[in-house]
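> Based on what follows, work out the 3D shape:
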Amino acid sequence: MGFKTQHTERLILRPVSLADAPDLLVYHSDPDVVRFIPWPERDLDAVISAIEGYHRLSQSLADDGDGLVLAWALKSTGRVIGQSNMSVTSKANQTADLGWVLNPAFGGQGYAFEATQALLRAAFEAFGLHRVVASIDTRNGPSARLAEKLGMRLEGELKGAVWTKGEWCDTWLYAIVRDEVIQDNRCSVDVG
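Numbering: from 1, shown residues only. Reported below is the predicted structural model:
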């Protein structure tokens with residue numbers, strides 16, 4: 001089963017398209033944005049190549065290695081202001097990894113929360129996942145605060161866990177399980 005477009009109050013979550021390249025370039029090329037992300041600053045050609053790579057993903061969350069990358073398009077303008085990614089790390093354990101990135105011009109307005117909340121709801125309801133985890137660089141306080149606002153719990157700090165951009169980085173492991181989202185109705189979303 002593939003991902004069905006999700007509608008929130010202000011956003012449409014949908015697969016990224018080549019037409020989104022100029023919007024993605026704004027934050028993919030920003031050194032402050034990509035500082036804690038495994039990929040380097042990208043020019044337009046690199047953004048297009050990344051989008052083509054996203055298209056090779058299954059856009060499903062059924063099997064090990066399946067994944068999706070979703071654009072966050074403003075309902076009001078269609079402009080893409082951020083994106084989410086999710087990939088199945090264990091089908092047997094119904095577990096997926098989650099990540100997000102936002103154009104900083106739209107920070108502090110609740111868009112990342114709104115989009116990620118909707119994706120979590122879809123992951124648990126539509127794809128039947130049991131657990132979603134997010135590995136966050138310990139220097140990335142805003143992402144950690146978002147994870148906590150979403151109801152994810154800090155499960156540990158991994159010292160020197162990731163070699164990225166010429167240095168070993170510590171990461172926080174955040175997680176949430178299905179019952180915490182569904183029973184508490186934490187991630188309600190208008191699916192349309």
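
> Quick check: what element follows the lengthiest helix in the chain along the chain?
Identified as the longest helix of the chain according to DSSP state H is helix 111-125. Once helix 111-125 ends, the next helix or strand along the chain (criterion: DSSP states H and E) is strand 131-137.

> With just CA atoms, put that next one into PDB.
Output of strand 131-137 as PDB, limited to C-alpha atoms (Å, rounded to 0.1, in the frame of the first residue of the first chain):
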ATOM      1  CA  ARG A 131       7.100   2.100  16.800                       C
ATOM      2  CA  VAL A 132       8.700   5.100  15.200                       C
ATOM      3  CA  VAL A 133      12.100   6.400  16.200                       C
ATOM      4  CA  ALA A 134      14.000   9.600  15.500                       C
ATOM      5  CA  SER A 135      17.800   9.900  15.900                       C
ATOM      6  CA  ILE A 136      18.700  13.600  16.500                       C
ATOM      7  CA  ASP A 137      22.100  15.200  16.700                       C
END
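
> hmm, back to that, counting contacts, what elements does the longest helix of the chain pack onto?
strand 6-7, strand 11-15, strand 67-74, strand 80-90, strand 95-102, strand 131-137, helix 141-149, helix 178-182 (3 or more CB pairs under 8 Å, 6 or more residues apart in numbering; DSSP states H and E). C-beta coordinates here come from the backbone N, C-alpha and C atoms, glycine included.

> Now do that helix, average pLDDT.
Across helix 111-125, the average pLDDT comes to 95.

> which regions of the chain sit below the pLDDT cut-off?
Within the chain, the segments meeting pLDDT under 70 span 1, 183-192.

> same thing but at 80, please
Residue ranges of the chain with pLDDT under 80: 1-2, 182-192.

> check contacts around residue 177.
130, 131, 132 (CB atoms under 8 Å, 6 or more residues apart in numbering).

> Contacts only, for the first one.
By that I understand residue 130. So residue 130 contacts 93, 94, 95, 177, 178 (CB under 8 Å, 6+ apart).

> mind putting these in a markdown table, distance to residue 111 included?
As requested, the contacts of residue 130 are exported to a markdown table (distance: CB to CB, whole Å):
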| residue | distance to residue 111 |
| --- | --- |
| 93 | 30 |
| 94 | 28 |
| 95 | 26 |
| 177 | 25 |
| 178 | 24 |
